[in-house]
Structures are given as structure tokens and as C-alpha cells.
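> Take a look and give me a structure for this.
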Amino acid sequence: MKDNMGNITKQSKDELIDHTENLKEDVSFIVKDKIKLAFFVKMGLDSFLGDIIEGLSQEYEIKKIITTEYKQIEDGMQWADICWFEWCDELISYGSKLELAKEKKIICRLHSYEAFTDYINNVNWSNVNRLIVVCEHIKSFIVKSFNIDEKIISIIPNGISEKKWKFKERDDGFNIAYVGYINYKKGPMLLLHTFKAIYEKDHRYKLYIAGIFQDNRYVLYYNQMIHEFGLENNVVYEGWQNDLDTWLEDKNAILCTSVLESQNMSVMQAMCKGIKPIIHNFVGARVIYPSQYVWNTITEAVEMISDKNYTSKVYRAFIKERYSLNDQLIKIKDLLISLPEKRPKENLNFNYIIDMFNRFIPYSSKDLDNYDFEACHMVIGKREKIGDNINLIEFIIRNRFGKQLVFNNILYDIERGKVILPDYILRSKNSDKIIELSNILIDLKIKLLNNIEGYIFDEEILEDIKKNKLAYIWERGIPASQFMPALGWLRIIERYNFAANFIKSSDLVLEAASGFGYGAAYFHDKCKKVYALDLANENIKFGKDSYDFDNINWINGDVTKLAFEDNQFDIYTSFETLEHLSLELVESYFNEAVRVLNENGIMILSTPNKEGRKGINNPFHVKEYNFNELNKILKMYFSNVNYYSTTNYKIENGIKSNAINMIAVCSNRSIKTNPDDLRKRSNFNWKEYKEQKQ
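So this is what the prediction gives:
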């Protein structure tokens, strides 16, 4: 293929924040690039992308790559965070098989014709996160005809930009439009014969054709039959129209005779202008359009076009309500932000991940020995691929007394069919029971979608997930569930492991908001006592049921109204809380923090870095902060603040431009870590792990 790099267009530029002053401290930094989104499409097939790119360009850095050689796919995928392949053709077939595809988030949008080709069979679907189709009947055909997991398919209809189509109230008239290619799919013989019948009803009708013949046999046929029918003065072929809005201006009806369409955008565009639709009952037509616009026989088509009932506002209102561009963009944005993380390029080896996971386990073998397994049942479970032949098995059980155990970091060696247990389970007298529970998930034999599969066995939780799905995707990361993937869990562990460096065995620790309580559980054997506070009753209940250690006090409360004495705490950890507070509550939040900390007390907080999250819009965050904004606030309450960044699943000193989260360690005294802290040592015995595998 010929190289055509000149056709690659860049829709947005890197942003730079200039040198600024913040409390007499000059802080300059470059904002991290927006999330990079590459669209791959062949020459001349990008007509559906214009409105989408325009609608996403404020939130994403976009390249539209008109692809003429495979090397452009490799280069584009290397650049992009998200790869969008427009049409399911040889481009996605090639891109999905690259090694890069294992790391990148990949979307393919299939329109309709591709479903009737062999392209689908040439795609490595295990590397594709989402397949977008525009209608239900195309999805149904794909699911029945190909080996594609239905769960990766999303239906997002094409949207119409109303502002691009000039509307006016129209009357019944005699100018009939046909728009589109002229090929077998469009029913060209039915088009000509239908118009012949309309002409016989009234010789004043004219058919105007805007399109291109894609088969010379139809050119010959049309030339012959137009003459035979005596339609030389009533069929007007005007070729492809670049300004369809203007061309449609004097038309009174639009005629569709297709055998199959995904939507037929030209009909919808005409309806948006107030033009009457006359639509043959192609496969799926009655699902897409109201029945009063759909005909089966030529006689019905003639009756419809002769009917004087003409309601331009109704035609436009239908498109606005069902197929607006805004609705399409909302669905696309929701899909983009919900794409699961893939294995990163960072230097994360298996040993490191397992080490961190084991470090965060709050239970001992004694805790398992003392647990009543009688009549226990599984509440939630998860399987996740974290290595070529290794699955992570995690689940929550509940016994007859309502007490729960959260089992993390059980490994399953697929090749050897062996369950590999962490040390604390191995040493427990109940290890066999835990293996039996693990086998429940292993025996399901379900193909992992995007490397992860979750199972909800509790009807109450399942019902709540159905009602609050968005909240679970964004905020309610229940441990050992599909809402807490391994890499998300790793980021959480990094924060708590970092905070543990500041905790002494004699400390009183406040953890707020405590969420599901795993942070408080992690701290419980590293300090004298933990107070876990959260506004949500269900979170406190989950924590108490799962991590009922003697030195954790579970409290339902508000971080802006702490019910504690002055100077009570040595450490106050508050991760991912600030961004949920309305601006008028921020002052109370920090005033309360300062009040309850003793004179040497330390507050450790984390919050998303707004500049590192371009294009990510969490609907549950009231406000996200950049470094300048956070620094300005913290300097009002603390004389000493040390900053750290979460990048590449590690915590680094200082604020990095590409930080996902900012961590601040704050105090009104000098800040020191615990010199006796030895918790960075791993509890993971790699030699023992390898011996278990053999």
C-alpha cells in the first residue's frame, strides 16, 4: 500500500500550563496529554466519523489515520491509548493480531456489510475490548453466525446532528428523492419498479437520484427500463452530492427500497429536514422506524406517498428523540470511560504484584481457624487472568452468623490444574475447605471476558448492582469482585502500603472515609487502634462483617463533622475523599482534620490529579483538583506538606505531570517516617510458590 501520512489529521494539540504563582511559590508544570484516541479508517470510508471526532475532541487528543499501509496501524497504535477501528475490515484484522493489541484498549465499529464477509473470522477478538454495532438485528446476526462473546457487543445507533440539516414545514408534493449507492443491497430494481407504479398514479411525480452506480449492469438496466417505462423525463440522475442538505431542499419525500440497512442515514437526515419517509420493510426496519413509514408491497408504497397526511415536525421530532447526535456521543463517552485496563507496559512483573497482594492480606491463619465455616456460602466471586497461565481467584463467603471472609490472592495454575494458596491459608486447618470454595469458580469453565469474569451469588447485592450499575463501575469497588480488577487493587495497596511507613505501633489511626474497610483492616496490626468512619451504613456493615478485629472501631459518620475529641489521633488517612466534597464543605473537612490530630499528627490524603485525567469524567466526583489548587488549599491548614505521585503503579516523590493521583502528607510539625518500619519486606515466598507449581 502507498504511504499516505499526509492524510493523518491531528484534532487537538498538547496543552501547556504556563508558569504560575502559588502562595509565593512558583510552580511550573506541563499538563499531561489528554487520553490519546486513534481512529483507523480506509480512504473514503470516514463519513460517519466527522461528528464523533468533533464531539470528542475537547476531551481526547485525536488522530484520524486514513490508512493506506499496515505500518500506519503499528505507528498509530504505538501512539494511542485507545484504538478505534472504523469498519470491521482488514485494518482491525491486522491490528488485533499485533503484540501491541494486548496492551491497548481496542474498539471496532461494524456497520452492516462486514457481517456478511469473512473479515470477522480474521479478527483476534480476545484483544478487542468492545465491538460497536448500530442496530439490534445486526447484533443478532453476528451472535448467531460467529464465535464472538455477546458481552463485548454494544449497540450505539448513529446519531444525526440537527444543526446540520435545515428544517422547514413542508407540504405534500411530487419530488421524490433517492440517496445512496446503487447496488444489490439497495434494491435498485425494486426502486425503479416502485417509482413506475407511483408515476402511473400521477405523472407529475419525479424521482431524483443522488448516488453512484457500483455495478455497470445496473447502469445498462436503468438505461433500458427507463426508456421502456417512458420515464425519461421523470427519472433524474444527478450523481453523488457533497451538499446533501441543499440538494434535499426542494424534495417532498425520500424513498428507500433496500433489502437490509443498519439505519439508512440518508432517510434520517431527510426526516430531520421535515421530509416524508417511504421505507421498504428491509430487515430490521420496523425496529428502527415507526410502522406507519414502512411498506411491504409496491401498492402500499403508492398509497403512502399519495396520502395527503404530511407532518414535518413529527418526522423531525422522531429523529431528535431516538437518533440525536448528542445521545450517540453520550453512549460513546460512557463506553470509552468504561473500557477495562489491560496489562500495562510498565515494569510490573508477576513477582512484584503477588508480593504486594500478599502484603495487604489482613487475616492470619488463626483467623481462618476460628471462623465458623458451617453453612457458609459464597456471596461474590471473581476470576481474572494475571499471567499467561495464571488466574487470580478471589471471593467473599458469609456464614450463618453473618460474618464474612474476603479471600484475595488465590492463584490457579491453568496448565497444571493446581490451586496455589497464600501462606496464611496454607497454614490454616481449614485450607481444604477454602480450596473447595475456590473450585466453585474454577469449575464454571467460563471464558474470561477482557481477562476478568465476576459472579454475584447474593440476590440483594445483585439487585443493588442492577439499580446502581454506574456507581459500581465508578465507585463501589467491592474487593474480590469484578468491580475491583487486579491493577485497581494494586493502586489501592500502594497507597496504604505507603501510608504504613508513617504509622507506629503506639498510634491511634483515623481512616475516613473508610469505604469497605480493607484499609482499616490492613492497619489493624500496625498500630494501637483504628477508627474506621464512613458516611454509608452499608460500607460500615461490610467492614465490620468482614474485618471484625478487636482494635477496629467501626463508625457511621461524616468527615466534615467528626465526633471525636480534639488532639485524639496520631495519623489520619483519607484516600479519595476530597473530590467527593462540595466546595462549601472543604473548609469543614480540613478544619476537622486539624482539630482531631494531635500536635505531631499527620494527615495523609490522596485525590485524583485533574491534569492527569483529561477525558475521564467521573460523574460522582464533585470537583477534581490540579496541583496548584490542592497546594493552595493545604497550605491554609498545614505548615508542612510533602507531595507524592502515583504513576505506573508506583508512588514517587514529588508531583509528576502524568500522575494519576496526588498524595499529600500533611502536618504542622516536621514529618518523619517510622525508622523501624520493616513492612516493605515481602511475605511472599517465591521459592515456595514455584515448589507448589511442580
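> give the contact list for residue 260.
Remark: with contacts taken as Cβ atoms under 8 Å, 6 or more residues apart in numbering, residue 260 is in contact with 112, 185, 282, 283, 284. Bear in mind the C-beta positions are built from the backbone N, C-alpha and C, glycine included.
> which non-adjacent residue is nearest residue 450?
Nearest in space to residue 450, with sequence neighbours left out and distances taken as Cβ to Cβ, 6 or more residues apart in numbering, is residue 340 at 4.6 Å.
> Report how many residues lie close to the one you found.
Other residues near residue 340 come to 15 when the count uses other Cβ atoms under 10 Å.
> Show me which residues of stretch 379-399 are buried.
Neighbour counts over stretch 379-399 (16 or more other Cβ atoms under 10 Å) mark 379-386, 390-399 as buried.
> end to end, how far does that stretch reach?
The first and last residues of stretch 379-399 sit 10 Å apart, counting by Cα to Cα, to the nearest Å.
> Rounded mean pLDDT for it, please.
pLDDT averaged over stretch 379-399 equals 92, rounded to a whole number.
> and what of stretch 223-241?
95.
> follow-up on the earlier one: what's the helix or strand for the residue nearest to residue 450?
Element membership of residue 340, judged by DSSP states H and E, is empty: it is in no helix or strand.
> Residue 616 reaches residue 35, doesn't it?
Yes - contact status for residue 616 versus residue 35: in contact at 7.1 Å, counting by Cβ atoms under 8 Å.
> neighbour-wise, which of those two wins?
When neighbours are counted by other Cβ under 10 Å, residue 35 comes out ahead of the other of residue 616 and residue 35, with 20 against 16.
> Would you mind measuring from residue 335 to residue 108?
Between residue 335 and residue 108 the distance, using Cβ to Cβ, to the nearest Å, works out to 12 Å.
> Residues that sit against both of these two, list them.
Residues within reach of residue 335 and of residue 108 at once, by Cβ under 8 Å, 6+ apart, are 130, 132.
> So which of those two has more stuff around it?
Neighbours were counted for residue 335 and for residue 108 using other Cβ under 10 Å; residue 108 has more, 29 against 15.
> how far does the strand or helix carrying that one sit from the chain's center?
Residue 108 belongs to strand 105-110 when assigned by DSSP H and E. Between the centre of strand 105-110 and the centre of its host chain there is 12 Å, according to Cα atoms, centre = their mean, to the nearest Å.
> My guess is residue 559 contacts residue 577. True?
Yes - the pair residue 559 / residue 577 is scored as a contact, 6.2 Å apart, by Cβ under 8 Å.
> list residues touching both of these two?
Contact criterion Cβ under 8 Å, 6+ apart; residues shared by residue 559 and residue 577: 512, 513, 589.
> of these, closest to residue 317?
Ranking these by separation from residue 317, with Cβ to Cβ as the measure, puts residue 513 on top at 45.3 Å.
> Does that closest one touch residue 574 like I think?
Yes - shown here, residue 513 and residue 574 form a contact pair, counting by Cβ under 8 Å, at 7.0 Å.
> Other residues contacting the helix or strand harbouring residue 433?
Here residue 433 sits within helix 431-442, counting by DSSP H and E. Judged by Cβ under 8 Å, 6+ apart, the contacts made with helix 431-442 from elsewhere in the structure are 368, 373, 378, 381-383, 391, 393, 395, 397, 407, 410, 412, 419, 421, 425, 428, 455.
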